[in-house]
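just coords:
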């Protein structure tokens, strides 16, 4: 195996934290990654990693070698980007993160057309709802659905989404339809764990801001799970229209307290602050902005 692949595997193991995760990231077998690192250690005549059945740790020699390997691989990536800068043709790999539900519903259909348009760009797309550190975790771009308060990151607004309280007609027929914000406190709630609102929901009403402390019957870190449980008539959910728009349009869910609105939140593409934006990131940002110029979840009736 060549030196580049040995370095690539070694760095991936360190950054992923295990041989299995590194193999998934590199799309290789665990045996191939392990063999590569063993060959590297044999060639260098030094132990780079300490392996036990329960943990993997880096040696002092491994730490020093990792720093140089990372520098070399980063410079190679920059070299590929530089070719794109000169030719105006995007080249290289893009590492992208997005929230799970949004990534499946609205981004997955876009990656094929993007790859067809830019055949020399390869993609690594990770889906996770937790807050990602773009710089520390080495992403080229991250999709965030938030109110964007981090001024250290460069971002471009792609679209907006409304967050609303909904339930099934059957649930409301059984438990009653809330008429005031305070009424929500008496209802079962299927809560999204990563919601910035937490258990306290705040509304803009004709009488000014109002809030209510809800009592979740269930918590989950996935919006699709919230939706599924709500569709099973088990409670209210606070979810964005990009996820539940079709349910609302087809009557499976109905909005509760439609006159008491929550602030819209933005859908952003976020990337590290750099003096020069690489061609591959620029074309990605422009492609996404084009794709979401008319968000599919925005319907004329919603204004």
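Alright, I've got the coordinates. Since this is a predicted model, take the numbers as computed values, not measurements. Numbers count the residues shown, from 1 in each chain.

Show me where the stretch 1-150 of the chain dips below the pLDDT cut-off.
1, 78, 80-88, 148-150 (pLDDT under 70).

Could you check how far residue 156 is from residue 290?
Counting by C-beta to C-beta, to the nearest Å, the separation of residue 156 from residue 290 is 12 Å. Just so you know, the C-beta spots here come from the backbone N, C-alpha and C atoms, and that holds for glycine as well.

now residue 204
32 Å.

quick one: which of residue 156 and residue 290 has more around it?
residue 156 (14 against 11; other C-beta atoms under 10 Å).

Pass me the low-pLDDT residue ranges in the stretch 151-300 of the chain, would you?
In the predicted model, the stretch 151-300 of the chain carries pLDDT under 70 at residues 151-153, 273-276, 299-300.

For residue 55, give its distance to residue 15.
Distance from residue 55 to residue 15, by C-beta to C-beta: 16 Å.

of these two, who's got more company?
Taking other C-beta under 10 Å, residue 55 and residue 15 do not tie; residue 15 has more neighbours (14 against 9).

Contacts for stretch 4-11, please.
Here stretch 4-11 makes contact (C-beta atoms under 8 Å, 6 or more residues apart in numbering) with 22, 26, 28, 32-33, 36-37, 39-40, 43, 48, 62, 65-66, 69-70, 72-73, 76.

Let's see that with 10 Å instead.
Contacting residues not belonging to stretch 4-11 are listed as 1-2, 19, 22-23, 25-26, 28, 32-41, 43-44, 48-49, 58, 62, 65-66, 68-70, 72-74, 76 [C-beta atoms under 10 Å, 6 or more residues apart in numbering].

Same check on stretch 46-58?
10, 13-14, 16-19, 34, 37-38, 40-41, 59-66, 69.

hmm, which of those are the buried ones?
Buried residues within the contacts of stretch 46-58, counting neighbours by 16 or more other C-beta atoms under 10 Å: 10, 13-14, 16, 19, 34, 37, 40-41, 62, 65-66, 69.

Would you agree residue 186 is in contact with residue 176?
Yes - at 8.4 Å, residue 186 and residue 176 qualify as touching, with contact defined as C-beta atoms under 10 Å.

What segments of the stretch 51-200 of the chain are strands?
56-58, 92-98, 121-127, 141-146, 154-161, 163-167, 188-192, 200-205 (DSSP state E, counting those that start in this stretch).

Now render the ones you listed as a markdown table, adding distance to residue 115.
Below are the strands of the stretch 51-200 of the chain laid out as a markdown table (distance: least, C-beta to C-beta, whole Å):
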| stretch | distance to residue 115 |
| --- | --- |
| strand 56-58 | 33 |
| strand 92-98 | 10 |
| strand 121-127 | 7 |
| strand 141-146 | 15 |
| strand 154-161 | 19 |
| strand 163-167 | 32 |
| strand 188-192 | 31 |
| strand 200-205 | 40 |
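
If you count neighbours, what's buried in stretch 222-239?
223, 225-227, 229-231, 233-239.

Now do the contacts for residue 154.
By C-beta under 10 Å, 6+ apart, residue 154 lies in contact with 134, 141, 269, 270, 271, 272, 273, 274, 277, 281, 285.

can you tell me which of those residues are in strands?
141, 269, 270, 271 (DSSP state E).

Tell me the spacing between residue 227 and residue 181.
Relative to residue 181, and taking C-beta to C-beta, residue 227 is found at 22 Å.

since we're on the closest residue to residue 124 other than its chain neighbours, how many residues are nearby?
Counting by C-beta to C-beta, 6 or more residues apart in numbering, residue 95 is the residue found nearest to residue 124 once chain neighbours are left out, at 4.7 Å. Residues within reach of residue 95, counting by other C-beta under 10 Å, total 17.

got the buried ones among the contacts of stretch 46-58 as CSV, with distance to residue 192 columns?
Conversion of the buried ones among the contacts of stretch 46-58 to CSV gives the following (distance: C-beta to C-beta, whole Å):
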residue, distance to residue 192
10, 38
13, 34
14, 33
16, 28
19, 34
34, 39
37, 40
40, 44
41, 45
62, 40
65, 43
66, 37
69, 40
